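Student: Need a 3D model of the sequence below.
(4 chains)
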Number of protein chains: 2
Amino acid sequence: MARPTRPLAQLAPAPSPRGVPEATVARLPLYLRALTSLSDRGVATVSSDELAETAGVNSAKLRKDLSYLGSYGTRGVGYEVEFLRHQITREIGLTQDWAVVIIGIGNLGHALANYGGFASRGFRIAALVDADERRSGEEVAGLKVRHSDELEDVIETLNISIAVVATPAHAAQAVCDRVVAAGITSILNFAPAVVQVPEGVELRKVDLSTELQILAYHEQRKNGAALALTAEQAVELAKAVRG
Amino acid sequence: MARPTRPLAQLAPAPSPRGVPEATVARLPLYLRALTSLSDRGVATVSSDELAETAGVNSAKLRKDLSYLGSYGTRGVGYEVEFLRHQITREIGLTQDWAVVIIGIGNLGHALANYGGFASRGFRIAALVDADERRSGEEVAGLKVRHSDELEDVIETLNISIAVVATPAHAAQAVCDRVVAAGITSILNFAPAVVQVPEGVELRKVDLSTELQILAYHEQRKNGAALALTAEQAVELAKAVRG
DNA sequence: GGGCACTTGTGAAGCCATGCACAAAGTTGC
DNA sequence: GCAACTTTGTGCATGGCTTCACAAGTGCCC
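Tutor: Modelled structure (predicted):
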């Protein structure tokens, strides 16, 4: 019952000897959330079936994912919640905290700056930057907005490692170029624009309207798409034939 | 040069005879954006190489994706921008407009309500709903916030087909249950919670902090992870051995 | 009207992710 | 100390997506 001192084998190998598949990496935060939730409820041990249920995935997939990190479970018992949580936290790199700059303090930038979910997971919003000088000095989420002229200076001084881009689409590429030149190698882009970055820079994108469009596609399917399209085709025909 | 009347073959088959792969569907909005951008610049015709470049994908992938929709290009020439744009718009279902309700008018809900990218793509924010009665009546983005008691009524009256959930995590499941009961079959969830929905309901999720965590993982890799981990392992050891 | 240059559409191969099913390993009860 | 039970970790088969490479089709030029 009481865990014996963990065997050395657990510390000896690098946390992920052979690289973890990207699909697995994308699910680790999900597992972490599930484990935190279980931990808050005072659960000490959990089986892969239960954890999979909590995280909303297939249990075989969960076990395979965890196996990439190491062998952290106990057969016949399951996983120790706190221990596993710590392992995943470490694997993702959340034992240190990460300084983030948000660029573009419009509606979305505002919301992101105030979003509580970042701080609670080890992401510290260290600076806010906007190109509009009328916003400079304005206080948002307890931070003064800086003018974008200061971007490079801010990144270096505050030792920032992640940039969140929430500018209008037309400004996104230029902003990314600048933060990359300033040494940033991780960017989260919310601007609806295609951005090119050099090899070695990690770029992830979130496009809010893309998500809605995917939903619309499926919704259309469901609503007797054939019927609607027949009507639509008349319009299309008119245009195609040269309206 | 002048396009001849399109052959009937183009209208005869259903727009996507054999279902379009999910991965392809997820890229259609990207292509649409690229085509709109080209259209705005006055480009009339585009090759798969150019369009792929604009959209930031591989050109073979682009051609294969488009081939699922039909044969809309001309060998030796490329694709007619306006024509292709119309085809994709229709395929996604953006020729009609979709009424959306945003539930949870906190920071994020606020930002989403004000986000211009929805309206410009055929998504009409028809209602805002929040559980806090102190917010009821408040005006956001030109709409009065309604109390969540009215949720079902709003959905029916305004003929809403898509729900955007921007509530705190603990409220997400209950809200989803209610909108599903009210007939909604498409949900976009921003709450950091696992939500179960019945078969036939499309649920997409966007978790902002998940994206940052994935970046952190890769960032950690780059920063001489081995070195940092050796230090980290000492801490871990202390805990594992029972701190 | 025929050949050349260009670009699409797609068969085929390879890769990655998923999910099944089970052997291995650990626990509990007697 | 052994047998029955539980649950992990993983080999393997399956399926979907990506990428290559090229045949087929189209326009242009002479």
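Student: what sits against the nearest residue to A:Val165 once chain neighbours are set aside?
Tutor: Leaving aside its sequence neighbours, A:Val165 sits nearest to A:Asn189 (Cβ to Cβ, 6 or more residues apart in numbering or on different chains; 4.7 Å). Backbone N, C-alpha and C define where each C-beta goes, glycine included. Contact partners of A:Asn189, counting by Cβ atoms under 8 Å, 6 or more residues apart in numbering or on different chains, are A:165, A:172, A:176, A:195, A:203-206.
Student: Establish whether the longest helix seen in chain A and DNA strand D are in contact.
Tutor: Criterion DSSP state H: the longest helix present in chain A is helix A:22-40. No. Judged by Cβ under 7 Å from any atom of the strand, helix A:22-40 stays clear of DNA strand D, getting no closer than 10.6 Å.
Student: moving C-terminal of that helix, what's the next helix or strand?
Tutor: Toward the C-terminal end, the helix or strand that comes next after helix A:22-40 (DSSP states H and E) is strand A:45-46.
Student: Can you list the strands that that next one pairs with?
Tutor: Paired neighbours of strand A:45-46 in the sheet (DSSP bridges): strand A:79-80 (antiparallel).
Student: The strand it pairs with near DNA strand C anywhere?
Tutor: No. Using Cβ under 7 Å from any atom of the strand, strand A:79-80 never reaches DNA strand C; the gap is at least 11.3 Å.
Student: and for that strand, what are the contacting residues?
Tutor: Counting by Cβ under 8 Å, 6+ apart, A:3, A:44-48, A:51, A:66, A:72-74 sit against strand A:79-80.
Student: Chain A - how does it break down into domains?
Tutor: A:8-92, A:98-206, A:209-240 (automatic domain parsing).
Student: Just name the most buried of these.
Tutor: Comparing the domains of chain A by mean neighbour count (mean count of other Cβ atoms under 10 Å in any protein chain shown), domain A:98-206 ranks first with a mean of 19.
Student: ok, and does that one reach over to DNA strand D?
Tutor: No. Shown here: domain A:98-206 not in contact with DNA strand D (Cβ under 7 Å from any atom of the strand), separated by at least 14.6 Å.
Student: how far is that domain from where the chain is centred?
Tutor: For domain A:98-206, the separation from the chain centroid amounts to 14 Å (computed by Cα atoms, centre = their mean, to the nearest Å).
Student: how long is that domain from one end to the other?
Tutor: Using Cα to Cα, to the nearest Å, the end-to-end distance of domain A:98-206 comes out at 20 Å.
Student: Now for chain A, the helix or strand with the poorest mean pLDDT.
Tutor: helix A:225-240 (a mean of 45; mean pLDDT, DSSP states H and E).
Student: circling back to that earlier point, I'd like the contacts of strand A:79-80 as TSV, with pLDDT appended.
Tutor: Shown next, in TSV, are these (pLDDT from 0 to 100):
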residue	pLDDT
A:Arg3	38
A:Ala44	97
A:Thr45	97
A:Val46	98
A:Ser47	98
A:Ser48	98
A:Leu51	98
A:Leu66	98
A:Tyr72	97
A:Gly73	97
A:Thr74	97
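Student: wait, which of those residues is closest to A:Glu82?
Tutor: A:Ala44 (7.5 Å; Cβ to Cβ).
Student: how far away is that closest one from DNA strand C?
Tutor: According to Cβ to the nearest atom of the strand, to the nearest Å, A:Ala44 and DNA strand C sit 12 Å apart.
Student: Would you check how far apart that residue and DNA strand D are?
Tutor: With Cβ to the nearest atom of the strand as the criterion, A:Ala44 and DNA strand D are 13 Å apart.
Student: same deal with A:Val100?
Tutor: A:Val100 is 29 Å from DNA strand D, by Cβ to the nearest atom of the strand.
Student: so that residue bridges to which residues?
Tutor: A:Ile125, A:Ile162.
Student: Need the pLDDT of it.
Tutor: A:Val100 carries a pLDDT score of 98 in this model.
Student: just the strands in chain A please.
Tutor: For chain A, strands defined by DSSP state E occupy the ranges A:45-46, A:79-80, A:98-103, A:123-130, A:139-140, A:143-147, A:162-165, A:186-189, A:202-205.
Student: Could you check how far the residue lying closest to A:Ala119 once chain neighbours are set aside is from A:Asp177?
Tutor: Sequence neighbours aside, A:Ile125 is the residue nearest to A:Ala119 in space, at 7.2 Å (criterion: Cβ to Cβ, 6+ apart). With distances taken as Cβ to Cβ, to the nearest Å, A:Ile125 is found 22 Å from A:Asp177.
Student: which residues does A:Val197 contact?
Tutor: A:176, A:180, A:187, A:203.
Student: go with 6 Å
Tutor: A:176, A:180, A:203 (Cβ atoms under 6 Å, 6 or more residues apart in numbering or on different chains).
Student: Chain B: which of the residues you listed is nearest?
Tutor: A:Leu203 (9.0 Å; Cβ to the nearest Cβ).
Student: Write down the beta-bridge partners of that closest one, one by one.
Tutor: Under the criterion used here (DSSP bridges), A:Leu203 is bridged to A:Ile187.
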